[in-house]
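Participant: What follows is a predicted structure for the sequence shown.
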Amino acid sequence: MPPVLEKKQLVLFFYAFTISGMVLSPYLLSVGMIALAVLSLITFRITRTSFKLGIDWAAIGRMRNLLAYPTYAILTLFFFVVLIGPLPTDDSTYWLTRLRIKLPFLGLPLVFLGHPPLKRKAFFGLLYFLLVLMLLTAIGVSLNYVFSYEAVQEILKKGQPMPTPRNHIRYSLILAFSIIGGGYLYQQGYYWKYRWERLGILSITFFLLFFIHLLSVRSGLLALYMALGLLILRHIVISRHYLHGGLILVLLCSLPFFAYWLVPSFQAKVAYMKWSMEKYQEGEGDVYADPGRIVSWEVGWSIYKEHRLTGIGYGNIRAAVEQHFEKDYPDRPQPLLPHNQFLFVLAATGWIGLLVFMVTYLFPLFYARNYRHPLMLGFYGITTTAFMIEHTIENAMGVGFYIFFLLILITHLNRLLPVK
């Protein structure tokens, strides 16, 4: 008798559930993660006449044999990077918080090893779900913008973000990934039930492309442009259609100019950025958001130069940043940790830690030539850009975004195991 429900279906449901939590609610995200952890350890099969539940010993065997799955195993090094460098001298609580935030790098690779492989149909279904979810949230944000136009424009002119579900930066990064995913689904000819859905997928993708300019979160925009640029270059290299590819690149580069003239929220953000940089050049702009990011880079680099080999230590970096700001930027209202993931790691763990970090970061991209897959390449375009302008995985939401979607891609591309 064919099963009514089995493990692979429930795992897929909680993948979608977790994605919803990542976009909408930390509570839903926690529930989804806990459910996925439990599902990694059990196996079950439900038919109309029977129910079988037991320990998934095959999954546990894969977990115990973690080193046989290099793309999963190497991700655990993100946790151990925190241990490189001097131990905390005064702020052990901050160091323990860093360790807690990085715990998903230890646990989630094991959890995903306990799940069935993510076959093509299921993987495409998740991308489709993400696309529709982001469409629904984008409609809500857009309606709020329309009905509160003057108020939202005013906060944008002050450099504040448009109201979004949860954190605006993570939301924009997920939005960028959903646009790349939508384009991939259309290119692959995917539809769930009816052929006309392909037109719907293309329409949603273009709407979200417009919406991300309306949202005007620079992290998401830059990440999207980097990902699209890499994918266009990939298309040029593979197809050797240099003229066609060159025209697409020109179109991509022209989009910000069209957005500036057509989208008021985008124009407001550009005006604020220009104004804040002018203030910085006048010697007072370090109190504003954009120049403040530059100042945080300068402070991070100064800390690295004082501790080149193993850095100042993860537990000591906050205190060191505060000391530098107090000494060199006393007018700055709040000290900022280096807004660059690579520079953050360099200041905290030195060049030794950065070397481990870079090997860990790049390995999944180059393992089995994963860079040939457009979604993996696009995802790395998004995350690399985010890492350049934010310390993305130094908070729980950033870690969740990065490790979850990376493991989804790895489970689809590099897990050729029989379905249990």
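Facilitator: Sure, I can see it.

Participant: Can you tell me the element Ala58 falls in?
Facilitator: Counting by DSSP states H and E, the element that carries Ala58 is helix 57-64.

Participant: Pull out the buried positions in that helix.
Facilitator: By 16 or more other Cβ atoms under 10 Å, the buried positions in helix 57-64 come out as Ala59, Arg62, Met63. For every residue, glycine as well, the C-beta is placed using N, CA and C.

Participant: Please tell me how far the second one sits from Leu108.
Facilitator: Read that as Arg62. Arg62 sits 14 Å away from Leu108, going by Cβ to Cβ, to the nearest Å.

Participant: which stretches of the stretch 151-300 of the chain form helices?
Facilitator: For the stretch 151-300 of the chain, helices defined by DSSP state H, counting those that start in this stretch occupy the ranges 168-187, 197-215, 218-239, 242-262, 264-281, 289-306.

Participant: Apart from its chain neighbours, what residue comes closest to Ile179?
Facilitator: Nearest non-adjacent residue to Ile179, counting by Cβ to Cβ, 6 or more residues apart in numbering: Leu208, 5.0 Å away.

Participant: pLDDT value on that neighbour, please?
Facilitator: According to the per-residue confidence, Leu208 scores 97 in pLDDT.

Participant: Thought Leu135 was touching it, still the case?
Facilitator: Yes - the criterion here is Cβ atoms under 8 Å, and Leu208 meets it with Leu135 at 6.7 Å.

Participant: if we can go back for a sec, how about residues contacting the helix holding Ala58?
Facilitator: Here helix 57-64 makes contact (Cβ atoms under 8 Å, 6 or more residues apart in numbering) with Ser40, Leu41, Thr43, Ala68, Tyr69, Leu110, Leu113, Gly114, His115, Leu417, Lys420.

Participant: which ones are touching the first one?
Facilitator: It refers to Ser40. Listed by Cβ under 8 Å, 6+ apart, the contact partners of Ser40 are Asp56, Ala59, Met63, Leu110, Val111, Phe112, Leu113, Gly114, His115.

Participant: repeat that with 6 Å
Facilitator: Ala59, Val111, Gly114, His115 (Cβ atoms under 6 Å, 6 or more residues apart in numbering).

Participant: Show me the residues you listed that map onto helices.
Facilitator: The members of these that map onto helices under DSSP state H are Ala59, Val111.

Participant: got a winner among the contacts of Ser40 for most neighbours?
Facilitator: Counting neighbours by other Cβ atoms under 10 Å, His115 leads these with 26 neighbours.

Participant: Relative to Asp56, how far out is that one?
Facilitator: Counting by Cβ to Cβ, the gap from His115 to Asp56 is 9 Å.

Participant: same deal with Gly350?
Facilitator: Taking Cβ to Cβ as the measure, Gly350 falls 41 Å from Asp56.

Participant: Report the helix of the protein that spans the greatest number of residues.
Facilitator: In the chain, ranked by residue count with DSSP H as the criterion, the top helix is helix 120-147.

Participant: quick one: buried residues of it?
Facilitator: Under 16+ other Cβ under 10 Å, the buried positions of helix 120-147 are 122-131, 133-135, 137-138, 141-142, 145.

Participant: try stretch 237-257
Facilitator: Using 16+ other Cβ under 10 Å as the test for burial, stretch 237-257 gives Gly245, Ile248, Leu249, Leu255.

Participant: likewise stretch 13-22?
Facilitator: Buried-residue list, stretch 13-22, by 16+ other Cβ under 10 Å: Phe14, Tyr15, Ala16, Phe17, Thr18, Ile19, Ser20, Gly21, Met22.

Participant: Distance from the chain centre to the longest helix of the chain, please.
Facilitator: Centroid separation between helix 120-147 and its chain, computed with Cα atoms, centre = their mean, to the nearest Å, is 16 Å.

Participant: Could you do stretch 73-80 as well?
Facilitator: 17 Å.

Participant: List the contacts of it.
Facilitator: For stretch 73-80, the surrounding residues in contact (Cβ under 6 Å, 6+ apart) are Leu66, Leu67, Lys102, Phe105, Leu106, Pro109, Thr360, Phe363.

Participant: Apply 8 Å and report the result again.
Facilitator: By Cβ under 8 Å, 6+ apart, stretch 73-80 touches 66-67, 99, 102-103, 105-106, 108-109, 356-357, 359-360, 363-364, 393, 403, 406-407.
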